Every structure is written in structure tokens, then in C-alpha cells.
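In: here's a sequence, model it:
(chains A, B and C)
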Amino acid sequence: MNRRQLLSTAAAATAITALPRLAFAQAKPKIGFIYVGPINDGGWSQHHHEAATKMKEHFGDAVEMVYQESVPEGADAERAITQMALTGCSLIFTTSFGFMDATLNVAKKFPKVKFEHATGYKTAENMAVYNARFYEGRAVCGHIAGKMTKTNKIGYLASFPIPEVIMGINSTFIHAKKANPDVTISVVWLSTWFDPAKEADGTQALLDQGVDVVLAHTDSTAPLATLQKAGAYGFGQAADMIDYAPKPRLSSIIDNWAPYYIERVQAVIDNSWATANNWYGIKEGMVGIGEFSSEIPEEVRAEAAKLEQDIVSGAYHPFTGPLKKQDGSDFLAEGEVVDDGTLAGMSFYVEGITDKIPS
Amino acid sequence: MIRLERRPQPSRGWVIATPVLAVIATMIAGGLLFAVLGKNPVEAIRTIFWDPLFGDYASYSRPQLLVKAGPLILIAIGLSFGFRAQIWNIGAEGQYMVGALAGAAVGLAAYPTESPLIFPAMVVAGALGGFVWAMIPALLKIRFGTSEILVSLMLVYVAQQLLSAAAFGFLRNPEGMGFPGSRNFGDYPAAHNPELVAGTGLHWGGIAAVLAVIVAQVVFSRFLFGFQIRVAGEAPRAARFAGVRPGAMTLACLGISGALAGLAGIFEVTGPSGQITTEFASGYGFTAIIVAFLGRLNPVGILLAGLLMALTYIGGEIAQLMLSLPSAAIQAFQGMLLFFLLAFDVLANFRVRLGRKVAA
Amino acid sequence: MIIDPVLLTVSLVVAATPILLAAIGELVVERAGVLNLGVEGMMIVGAITGFATAVQTGSPVLGFVAAAAGGAALSLVFAGLTQGLLSNQVATGLALTLFGIGFSALIGQSYSGVRPPSIGGPLFGPLAGLPVIGPVLFGYDWVVYLALLLVLGTGLFLARTRAGLILRAVGENAEAAHALGYPVVRVRTLAIAFGGACAGLGGGYLSLVRVPQWTDGMTAGAGWIALAIVVFASWRPGRALFGAWLFGGISVLQLRLQAAGIAIPAQYLAMAPYLATILALVILSWKGGRGLAPAALGKPFHAAR
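Out: You can find the predicted model right below:
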């Protein structure tokens, strides 16, 4: 049996059952969200849900919002997305990389429904991808870290060696080093996006090595709690974590998906939605920088603010040459700016980082 | 006071009635739980049990029941061999993962060759992988007397790390833009495990599950081996007199459950799941233990129990979507189902007597 | 860069405490002849009841009391089913874990991201400042010392007291103990409750001290590790302490090696504690044979008269 026959039969079957619902749906769009974790996980999924809720508040009764939490990747994801499409959703956001193939499969079966996949790279006519330029936020935080460290050792809690994380480490280090030429960075790979116990352990391991400023790519408040006990510094991740200001939290990188969700839902309402590869940063409001703590000296705060402004205005790109790769080969020439494609596939460290990326 | 008196034979009537009673009790207790959470209990129970079968979108969710139940039934049948003989394989989840890895490795090594031999080779590799992983606790038990419960369980964690190492390293998709995860088998027709009849959710795993039920039923009722297993579990010393060698029994039972779990793994990774990722394993190996008990270690019972469990999963997902029921509530609900079943089980094995004990 | 052994030891002891607490509880349960696989469920229920109580009352001590109570309450469900209704211990334990994880996630919904009241610094404050022996011997919070006391107490109880002897007798041969007039079901139920309370304490330590935070599924397999430690320790409390340290040590070593810049593939290092447990299980079974396990472990007891 060939795929096309299979797909068309399935599509026909589902189209017939879905038809009455779809016709109704044009009147009041139903927006669906698929989360990989629980909505109160205090991290990634919670922020997506908060943004989804803000979107619903913005549009009020003009849209309907449904969601499903703790959806495992794989067959279960495909079923969850299909069910959302069957029940009449016109736009579905799938908020984890691991949902990529499942989203694509369902997108093929439901050509009239629109899909938005977070942090992926496969698109279709009715499937867009979106991501945030977190490396812009890391540039600002990296600068602050470089200036605030007294031991010249900063630490990074990393999750998995994928391009997004590697570019975050690189961006942090490039700007810490510009601020403080003597700085070194230690990276700990936790093999998880969210695990408070491991994050606390990882932070302690870094502190034991003499690190006094820690940045994290993992989402819980555990690192800050550990840093507070030790009297060291850190940054909020994904959320402002303002409870931990002014010490240890110097600033934070905030995931702000709400403006994007509002924009895309509006496009569906206006019938102007088109597939895209949207990679938004501080300028578009997707990445927020948390308020600078009073612990940061006045001139450093001014420098960081200027860096942020330059990124927003486009005057400066965090990955601007001259830069070399860790193995010594050339990466960017003087004044050259990296292109999005290279960034999206980044699998090497920049010069100056002594650790190796786990293979 | 209430006394329990063991029945010489489990009562046939109660054996059939207890699962039904347990389901009804769970519906009531679950309904109460949902009411406490602020949801309409009747609507919630209906969404979980009725809607997937007969609701608005049942034409989609009914086949999904088979997709979800297939691996559960396949693994549970394998486990039932061991459990009947009091050999506790708790590590089916690990055998499932290793089976998937072994089969996937074979398939990816052959990429992009197209040949009708590739899929069968992958299936054999999958069964072999699960078998080998189960042989570790088996051989350690035979040789050193170590607990198969703990060894097989520890190996689940080891297998999880192997899976992660594969997804990030040796099985990673070279064209995957640096992201973890193997190639998607949906893009590789020779290795794909597609839906065999459109709209039924039946893939090779589902067929394997049904075959396993039939074979197990035949073995247990007509073959000496089936009898030996039962005796080994209920009266080990008598079994030894009957010529059953405990070592051979351990090898056979763990081997069968390992192979079937490995099969479930390879069918799942080449079919509904599609690729090797760190999150590939979704707990089927542990849920299958519950299915085996729910089905009272009987092949037909396991078939029904697997479908029931799948119903609670799929129904639970619909309840989440339609009623915003938290996913944790479904897990608690499934735990309750098992509690009630275990509690009502006493009626099948014991007679309840009221009144004082009489001196003999 | 090398790893400081003092700092490593301190973090090792802290990491070992939750699994030590759960293990010592399960050890008593298994010595009484009952196999309770629901340790993970009891730990996580203890984690959330302890956390919720501490947050609501502002007192971490009350939190720990509640954690123990929560674990014990769940274990009584297990006791009711296995001792009263004679259900299969393996299946009941697994059901306990499944239910416990779901139930705790339900209660925990409104507590994610909340900060619990702090448990305070090292118990022996000033002494902790001494070089080397300061942090290693005196630098811990009171729960760590409580765990050590429990290990000592359990050892003495099992070996030196009459009640401990009765418990061990019940674990070796329940029918004979019953014939001698000992209340088998009551002894086992008390043991199960103790095991539940200890597992709850262990879970509470995770959510109130170690992290400190509440998250769904935060025990992440600690309960299963505690089960392995009981066997690794050949059901002897002193060895359980060693086992917990070993396990805690390997898991913290992994992160420290990374922080020190020593590149070891993370996944293979993460496997190490589990492989070490299997190895230990093999060595112990080889040397001691199966005679080390309580003879009646896992068998349901039903008074024939």
C-alpha cells in the first residue's frame, strides 16, 4: 500500500467527519496548544501556557483556546495534534522540538488547518516554525557576568549539545570575554531541560570549582536557590525570577511568547496567515531582559543597556567577527556577521573555550 | 468479625466478576476525584470510557485504541509466562528500548538500500535485542542467585542511557541539522511499519499482539511447557519432582518476555513513534505489568485488559482536551483501577466468612 | 583542575540522605518479610505533603512531620491490601507507585515554583568552620544527622531488642511466628508504616532541602535506587549507609568531573551507579548465597486458623 493512497483515505475519512465542525470554526477560531510538560512545571510549558492565556485575554470572546499538557513525543503527540485538528482547531501551536515530525504528519492530513512548531526546522505550506533569539539575551547577560565575576570563572548549566544551546554558550562567552579578557567558562551538561535536583547539584559542582557567576539553559529556580546560599551570582532563565533579586539574580532572560501568539492569531482572523520561519529576538519582544539588579555597578548597567539597544536597533549582532573557532580555524572575518543558517546548525565552540562539546 | 478462608480453586464466577466490579468502583471513586477537581463527574467518566468508542470522533479514536493497546498486550503476554512461574521481570521497559535500538541500528546501517529483507531483519534484531537484555538478569539469577527484579530494573536505567547515547551519538541523523534523534523511519519505506489497512490503526505490531495471544492460549492449555510453568509458580517443590529444572524455566520465561518486549519496541519505533529519540520509551514496559495483572495472567484476559488500559489513556487524553482535566488525574485514576482490582481479587481467591473463629 | 575531596564528601553525604532514609525504612519492611515496591510512590507523596505543609504553616519541622505522615498513610493502603486482603505484593507495590505519582502531581499543582521556608544552616554551626573535619563532620543540617541516628537505631533495634527479634522471626518464618503467638499481621503493618514514614521523610528532604522546590515526578527514580540499596546492603543497616554513600557519590561525581573540565560522555557516566549496583548485587549473592534474604520475603501470610 503506498503512502499517498493511505494518506488520501485517511484525509477523506477525517475530512468527512470534520466538515460540519470546520464550517462552524471559521466563525470563531479555535486555537490549540500542545505542551510537552505540565502547565505548572514552573518552566518551559508554563511560560507557553501563560502566553497562551494572555493571547486569549487579548482576544476575549473572539477566539476559543484549548490545550493539552504533558504530551509525550512520538505517536501520542500525533494523536493529540490530530484530535485537536478533528475538533475544529484552525491554528495549533506545538511547543517542543520533539513534536516536529508529528506536526508535519498531521499538517499533511489537514491542509486547511494551520500549524506552528516551536524550535524546529521542517515547514510546510500550512506549517510554520518559530523560535526565539535567546543568544541576544545571553550576550547581554554574558557581558554582565564577565564584569561581575571576581574569580574570573563563570559557569553554564547546559542541557543537550544541540545548536541552540551551543550558540547560547558561545554568545555568553564572547561577550564575557570582551568585558573581561581573563574570564574562563565551565560547562556542565545535565542532559535535561528541567530537573531542579540536578540543576542544584550542577550549580554546586560549578561553585566547588571556584565559579562565582552561573548562567543556565535549564528552567527551574534551583540554581538561584543554591547560588543564594553560597552568596554567588546568577541569572533568571525563561522567567524573571525577581524573587531572587537583587542577589543572586543579576538579570534574566525572559521567554515572552505572548506577542508572537497574538500576532499569529490575528493573522488567522485576518486571513493573512502564511508559513514562515520566524526567528524573533529582543526587538520583537520575544526575548525579554530582566531588570538589572542594584548589585551591578552603574557603569556596567549602562554598558549592558547600550548593548541591548544596539542589538535591538540592528547596529550590533552578537556574532560579529573577528572570531575564530575553538580549533583555531577562521569563523568570521573582521566586521562579518554570521548568517542565520550557520547559527541554526552551530556545532562548534568559539576560540577560548577549553571544554569539549560532548559527542 | 470477618474472616478469610482460602478457596481450594479460584471461584470462576468471581474471577470474571472482579474486573467488572473494579471498573465500576473506579468509575465511582474517579468520579468523586473529578468532582473534587471541579469537573462534572458523569461527563468526565463518559468522556473517558464512552467517547473513544462511540463519541463524535470515534472513527479516529477507535483505531488508536489498537495502536496503544498493541504493545501493551504484546509485552504483557510475554510477562505472563514469567509471572505465572513467579519469575518477576520488572525490566520489560529496558528490553523494549534495547529491542528498538537493535532493530533500528540494523535498519539504519542498511540505509538507503531498498529490499524486502530489511524489515524482517530489523524485526528479528529487535526480538534478539530484547532477548539478550533479558538474559542478563536470567543468567545472573541462575549463576549467582541475584534478584531478577532488581537487576532487570537497574537495566532499565542503563537502557535509557544507551537510548540517549544513541539519539545523540551513534544513531543520530547526519542530515538532522545537529539535532538529536535518528532518521525518521517514515521516510525510509523499506524499514517502515505502516498502517496495513487504512483507518484501523493496525500495523505489524497489532498483528503480532493478536498472534501472541493465540499462541500463548494454546501453549498454556495444550502444551506441557504451559503446565510446567503453572506448577513452577504454584508449587515449586512439586515442580522439581515433575522434572522442571528451575534454571531452564528462568531462561525460558525471561527469554520469552524479553523477546516479546523487544518486538514491541521495534514495531513501535518503525511505526507510530517513527524515530529513536531520548524520549522514545513512554512507560509501556511498566504499564504492561499492570495489564498482565488486570488480565489475571490469562491471554484473553490480557487482550481485554490491554484494550481497557488503552481506553483509559485515549479517553484521558480526550478528557484533557475537552474538559481541561489535568493529566495527573488520569495517572491517579489508573492507579485506583489497579488498587480496586487487587482489592476485589480477594473475593476470587477467598471466601468471606462472618462470625467468630471456632476452635478445631 | 582537580576535585576537592572535602567538597565532594559533603555533597555526597547530602545527596545520599534521601535514598538512605527510604532505604532504611524499606530494609525494616523487608526484614519483616514484606516486599514493598511502592517506595517511589511513598517518597513522592511525602515530598508534596511535606512541602505543602511547610509552605502553609511556615515551619519546616512541621513539614517533615507531615512528610512522614503522608508516606505512612499511603503505605497503610498497601498494608491493607497485602495484609488484610492478601493481594499480590509486587502488583500492589507497583500500583502504589503509579497512584502516588499521579496523586502527588494533583496536590502539587498549586505549589510549583513556590519557595519553602528555609531549614536553617548547619546544626553544629560554629564547629563547621574547622578545617577539613569541620564541613565533613559538622557541616550538615539536622535531617542528615537524623538519618544517621535512624540507621544506628534500626541496627540496634533489629539486633538487640526483643521487638526486633520478633520482627526478624516474622520475616524468616511467618507461620512459625504465628504458632508461637506473635501478631504477624500487626508486626508487618507496623513495619510497613515505618517504611512509609521513612520514605516520606526522604521525599520531604528532596523537596524541602535538597532542591528545594516541588516539581512533578521530582523523585526521578530515587525510590527504586533505595530498593537496590536494601539488597546491596544484604538487609543490614550499616551496609545500607555505605550503599547510599556509594550511590550518592557516583551521581555527584559525574557532575563534578564535568565541572572540572574532564570530558567523560555524560550518558556512560550516568549509567555507572546502576551498573555498580548490579555488580554489587552479584558479588553479594555470589558470596552469601540467597540465604541472606529474609526467608519469607514476598510471601503472603494467611493464618490458617
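
In: now do the buried residues in stretch C:174-190.
Out: C:174, C:177-178, C:182, C:184-185, C:187-190 (16 or more other Cβ atoms under 10 Å in any protein chain shown). Every residue, glycine included, has its C-beta placed from N, CA and C.

In: and that stretch, is it in reach of chain B?
Out: No. Stretch C:174-190 stays clear of chain B (Cβ under 8 Å from any Cβ of the partner chain), getting no nearer than 11.4 Å.

In: give me the mean pLDDT for that stretch.
Out: When pLDDT is averaged along stretch C:174-190, the result is 92.

In: for chain B, just list every one of the strands.
Out: Along chain B, counting by DSSP state E, strands occupy B:2-6, B:350-354.

In: which elements pack onto the first one?
Out: With contacts defined as 3 or more Cβ pairs under 8 Å, 6 or more residues apart in numbering or on different chains; DSSP states H and E, the packing partners of strand B:2-6 are strand B:350-354.

In: partner strands of the strand it packs on and their direction?
Out: According to DSSP bridges, the neighbouring strands of strand B:350-354, each with its direction, are strand B:2-6 (antiparallel).

In: skipping adjacent residues, who's closest to A:T320 in space?
Out: Once flanking residues are discounted, A:T320 sits nearest to A:V337: 5.3 Å by Cβ to Cβ, 6 or more residues apart in numbering or on different chains.

In: next, count neighbours for that neighbour.
Out: By other Cβ atoms under 10 Å in any protein chain shown, 11 other residues sit near A:V337.

In: contacts only, for it.
Out: Neighbour list for A:V337: A:317, A:319-321 [criterion: Cβ atoms under 8 Å, 6 or more residues apart in numbering or on different chains].

In: kindly report the same for A:S191.
Out: Each residue near A:S191 by Cβ under 8 Å, 6+ apart is listed here: A:159-160, B:164, C:266-267, C:270.

In: at 6 Å what do you get?
Out: By Cβ atoms under 6 Å, 6 or more residues apart in numbering or on different chains, A:S191 lies in contact with C:A266.

In: on the three-state scheme, it is what?
Out: At A:S191 the chain is in coil, as set by DSSP: H, G, I helix; E, B strand; the rest coil.

In: that one and A:G341, how far apart?
Out: As defined by Cβ to Cβ, to the nearest Å, A:S191 lies at a distance of 27 Å from A:G341.

In: kindly report the same for C:I225.
Out: When C:I225 is compared with A:G341 (using Cβ to Cβ), they lie 44 Å apart.

In: which of those two has more neighbours?
Out: Neighbours per residue, other Cβ under 10 Å: of C:I225 and A:G341, the larger number sits with C:I225, 28 against 9.

In: these two touch, right, the more buried one and C:I19?
Out: Yes. Assessed by Cβ atoms under 6 Å, C:I225 is found in contact with C:I19 at 5.3 Å.

In: the residue of the stretch 1-150 of chain A found nearest chain B: what's it in contact with?
Out: Per Cβ to the nearest Cβ, A:A75 is where the stretch 1-150 of chain A lies closest to chain B, at 3.2 Å. A:A75 makes contact with B:272-273 under the criterion Cβ under 6 Å, 6+ apart.

In: could you do the one 5 residues further on as well?
Out: Residues near A:A80 by Cβ under 6 Å, 6+ apart: A:34, A:68, A:71.

In: can you map out the helices along the stretch 101-250 of chain C?
Out: Under the criterion DSSP state H, counting those that start in this stretch, the stretch 101-250 of chain C contains helices at C:133, C:142-160, C:162-172, C:174-179, C:184-205, C:222-232, C:237-259.

In: next one: the last one, is it in contact with chain A?
Out: Yes. Using Cβ under 6 Å from any Cβ of the partner chain, a contact is recorded between helix C:237-259 and chain A, made by C:255-256, C:258-259.

In: farthest-separated two in the residues you listed?
Out: Greatest spacing in those, by Cβ to Cβ: C:R256 and C:Q258 (7.1 Å).

In: hmm, back to that, now, the most widely separated pair of the buried residues of stretch C:174-190?
Out: Pairwise distances among these were taken by Cβ to Cβ; the largest, 15.7 Å, belongs to C:H178 and C:L190.

In: lowest average pLDDT across the strands of chain B?
Out: Within those, the stretch with the lowest mean pLDDT is strand B:2-6, showing a mean of 71.

In: in it, what counts as buried?
Out: Judged by neighbour count using 16+ other Cβ under 10 Å, the buried positions of strand B:2-6 are B:L4.

In: mind saving the C-alpha coords of that strand as CSV?
Out: The C-alpha coordinates for strand B:2-6 follow below in CSV (Å, rounded to 0.1, in the frame of the first residue of the first chain):
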residue,chain,number,x,y,z
ILE,B,2,-14.6,-11.0,59.1
ARG,B,3,-12.5,-14.0,58.3
LEU,B,4,-11.0,-15.1,55.0
GLU,B,5,-11.0,-18.7,54.1
ARG,B,6,-8.9,-19.7,51.1
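
In: what does it rub up against?
Out: Contacts of strand B:2-6 (Cβ under 6 Å, 6+ apart): B:350-351, B:353.

In: report the distance from it to the chain centre.
Out: Remark: strand B:2-6 is offset 33 Å from the chain centroid, using Cα atoms, centre = their mean, to the nearest Å.

In: confirm for me that A:G210 is in contact with A:N152.
Out: No. Contact criterion Cβ under 6 Å: A:G210 and A:N152 do not qualify, at 9.0 Å.

In: could you confirm whether stretch B:174-190 reaches chain C?
Out: No. Shown here: stretch B:174-190 not in contact with chain C (Cβ under 6 Å from any Cβ), separated by at least 11.4 Å.

In: show me the shaky parts of the chain.
Out: With no chain named, the answer covers chain A. Flagging of chain A using pLDDT under 70 yields the residue ranges A:1-26, A:359.

In: should've been chain C
Out: In chain C, residues with pLDDT under 70: C:1-2, C:125, C:128, C:288-293, C:295, C:298, C:302-305.

In: packing partners of the lengthiest helix in it?
Out: Under DSSP state H, the helix in chain C containing the largest number of residues is helix C:5-31. On a contact count with 3 or more Cβ pairs under 6 Å, 6 or more residues apart in numbering or on different chains; DSSP states H and E, helix C:5-31 meets helix C:39-57, helix C:142-160, helix C:184-205, helix C:222-232, helix C:237-259.
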